[in-house]
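Trainee: next comes the sequence, and after it the predicted model I'd like to discuss.
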Number of protein chains: 2
Amino acid sequence: MKSILLIVLDGLGDRPNPVLNNRTALQAAFRPNMNYLAAGGQTGQMHPVKPGIRSGSDTSHLSLLGYDPEKFYTGRGPFEAMGLGLDVRGGDIAFRANFGTRKENGEISDRRAGRISNGTELLAKDLSMNIDGVDFFVKAGVEHRAAMVMRGDNLSDMVTDSDPHEVGMKVHEISATGKSAEFTAEVLNKYLKEARKILDAHELNLERKKHGEPPANELLLRGAGLAPKLPLFREKTDLKGACISGIPMVSGICRLAGMDLINVIGATGKLDSNFSAKFAAAFEALGTYDFLIMNIKATDVAGHDGDAIAKKNAIERIDRAMEGIQNHLDDSVICITGDHSTPCVTKDHSGDPVPIVFNTSGIRKDSVKLFDEISCSGGAHNIMSGDVQRILLQLSDRAAKYGA
Amino acid sequence: MKSILLIVLDGLGDRPNPVLNNRTALQAAFRPNMNYLAAGGQTGQMHPVKPGIRSGSDTSHLSLLGYDPEKFYTGRGPFEAMGLGLDVRGGDIAFRANFGTRKENGEISDRRAGRISNGTELLAKDLSMNIDGVDFFVKAGVEHRAAMVMRGDNLSDMVTDSDPHEVGMKVHEISATGKSAEFTAEVLNKYLKEARKILDAHELNLERKKHGEPPANELLLRGAGLAPKLPLFREKTDLKGACISGIPMVSGICRLAGMDLINVIGATGKLDSNFSAKFAAAFEALGTYDFLIMNIKATDVAGHDGDAIAKKNAIERIDRAMEGIQNHLDDSVICITGDHSTPCVTKDHSGDPVPIVFNTSGIRKDSVKLFDEISCSGGAHNIMSGDVQRILLQLSDRAAKYGA
């Protein structure tokens, strides 16, 4: 039976760019391997989630894996925590967090602890603990930002923020907004009391005080969110799946789905990522796994930077790195697409559709010869991200019959 | 931020017509401006509501504005009342009505009062009144036809018809079919009693009797319908919206959505409408409003007339009237489409999809060069009317991000 390789070039789609003679980065790139797959395969345009939806990476990856975000997307909290590299599991409660400065009377004098830029990972490490059977995990982000995840029995996300959201206010006691959340609120307040002791006495904060800098002595919690319990990918599709990704959010979603994570040295989730190593790992893993999803973040990074040349160059390097992909068409179904568009002109996600190509030996091909937004919009497919899993199953002759 | 101009050419879609050498009216028309927008923009075909649905103007306009008709369309009554120019508001109860002839014993001898052709607007005016806190509004239509709307607290559409639907039967007492409708039925019967007095004594009817014509002395009510309470367009989309329409039904829907109505002198909703005045008003209003919907009815009128030449001519006049639309692409997203097809060969709405074009500066274009049903079917889009709002929001970079 054929394996499946789904290659997601993050933020791939773009709009015409003056820097590239009003072509998109993909149109402008030298991409012989992508074009080879398009010329011999089925192309089309894919709408992330739905036409016109300006999708995030979280919602669109869920959808690409066959999990309807309207059903399984529980808000940003758990996915941002994943994005920071926290191991988030179904049923966990995740918070967005700030390191802030608390005065002795409990008032918050700075919600960002002077935009602290160093050492928060040390604070985070010391704030990970177990209280009353509940595990707390904290991970630092950029500057004052962090995420906190709690794991245990009988937890609920129906709790208020401790973050007062305003300077000069006292830290809020956390309270339950739903009746099954009393225990969660209670253990959270216990945890924060403990956290305050640790932060007040922390060497880093004593140093900061010595230098006249506001200490990061309060973990301000907001936006409690319940991590969704995804039906296991294996049980849903009967596929043994794995993920190759340089970014923790995509790995996190795949882990929620029960997939294996393949760690590739040099996969950074940035422009300097080792694409060749990722493809080499993917081609090898095709022998072991039925389904592989590979995310390459570089295209999205260049899009957010508004750097069309960098995006074009990244696409060219990705294309070179996939050299030899032709040799896997007999044994695999290959699909390349994006999770959303990140036009270099807008520097953020847009709701423009993305090109998609499917190829495998014996596939019915369409008349499109090039892999880019414009060429593929005339291809055989005009689909939503939620259709991709079904099409991959069917092209690999694995789809169950619907009816008799 | 870019404004949005959605131009709906009513009943635009057509089928090949022998009179036009088996082209559609749109294919046959000289339409340089529409073609300009197509050549530089994104085209496609749009299915009103869903593929194969033979949509009315009411259901498809609701859908084009982002209101799912499966959720918000409550039946023809309220929309036909709007179509006659009645001011229908969410929560109103609307009836279709006939002026009929009632004998002294209460039997209906003619459900159409001899297809009365003159003066019913005078009767309608005298039948508008307040009873027990409920306002009643009547508007005359073509021949014996009319609509009645009641507005007040605690009203329900769970009531039976007063129209016996058969000649020789007595007028029916209206009764409640749902338990919360007792008051509605009671006040309706009071109202009809009052109406009978007024109609029996009305000068017009005394005249008709004198000339041996059947008097229009009974307002026969049928098909009670509750006008939907639409979520306000402004709150739903954060867009300040307005409507330019020569036909009351489209204005009525937009008013239900809380949009402003821009009145254009010479906008008749007919073949003789002043298209130039409408476009001039639209271009000016783009400075004031975030969103404009403009309906041009002439194409539908010609379709219902089965007059392909008239439809072609109307399209040519519309195209001329939009001269200068190119100058608005930097500041606006322009979309032209139809609300449904009205093929001149069938003289009624059909379920054929309609062409659609989106254009704005910086848009990713497809390879289609002409704006017509056949060319656009090869374009980038294959969408439903319910997708249009989302796409317009995204092309004007106003879409909220779904996820992170």
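Mentor: That came in fine, so what should we check first? Residues are numbered from 1 along each chain as shown, chains lettered A, B, ... in the order given.

Trainee: tell me which residues of stretch A:90-109 come out buried.
Mentor: If you call a residue buried by 16 or more other Cβ atoms under 10 Å in any protein chain shown, then stretch A:90-109 has these buried ones: A:90, A:92-102, A:108-109. All C-beta atoms are positioned from the backbone trio N, CA, C, and that covers glycine.

Trainee: same check on stretch A:320-331?
Mentor: Result for stretch A:320-331 [16+ other Cβ under 10 Å]: buried residues A:Ala321, A:Met322, A:Ile325, A:His328, A:Leu329.

Trainee: hang on, the earlier thing: looking at the buried residues of stretch A:90-109, spot the one nearest chain B.
Mentor: Nearest to chain B among those, counting by Cβ to the nearest Cβ, is A:Arg96 at 10.4 Å.

Trainee: so who does the closest one touch?
Mentor: A:Arg76, A:Gly77, A:Glu80, A:Ala81, A:Arg145, A:Ala147, A:Leu221, A:Arg222, A:Gly223 (Cβ atoms under 8 Å, 6 or more residues apart in numbering or on different chains).

Trainee: and those, which two are furthest apart?
Mentor: A:Arg76 and A:Leu221 (14.2 Å; Cβ to Cβ).

Trainee: what about the two, which has more around it?
Mentor: Neighbour tally, A:Arg76 and A:Leu221, criterion other Cβ atoms under 10 Å in any protein chain shown: the higher count belongs to A:Leu221, 26 against 19.

Trainee: so the more buried one bridges to which residues?
Mentor: Applying DSSP bridges to A:Leu221 gives these bridge partners: A:Ala97.

Trainee: quick one: it and B:Pro32, what's the gap?
Mentor: Using Cβ to Cβ, to the nearest Å, one gets 61 Å for the distance from A:Leu221 to B:Pro32.

Trainee: ok, now A:Val354?
Mentor: Noted for A:Val354: a distance of 33 Å to B:Pro32, by Cβ to Cβ.

Trainee: of these two, which one has the most company?
Mentor: A:Val354 (28 against 11).

Trainee: list the contacts of A:Ile296.
Mentor: A:Ile7, A:Val8, A:Leu9, A:Asp10, A:Gly246, A:Ser273, A:Phe275, A:Lys278, A:Ile318.

Trainee: give the pairing partners of the helix or strand that the second one is a member of; include direction for each.
Mentor: Yep, that's A:Val8 we're talking about. If you go by DSSP states H and E, A:Val8 is part of strand A:3-9. Strand A:3-9 has the following sheet partners, assigned by DSSP bridges: strand A:291-296 (parallel), strand A:332-337 (parallel).

Trainee: end to end, how far does stretch A:367-377 reach?
Mentor: By Cα to Cα, to the nearest Å, the extent of stretch A:367-377 from end to end equals 11 Å.

Trainee: neighbouring contacts of it?
Mentor: Contacts of stretch A:367-377 (Cβ under 8 Å, 6+ apart): A:13-14, A:24, A:26-27, A:31, A:34-35, A:37-39, A:43-45, A:336, A:352-357, A:378-380, B:364-367, B:379-380.

Trainee: go on, stretch A:241-248?
Mentor: A:10, A:57, A:82-86, A:233-234, A:250-251, A:254-255, A:257, A:259-262, A:264, A:267-270, A:273, A:278, A:281-282, A:285, A:288-297.
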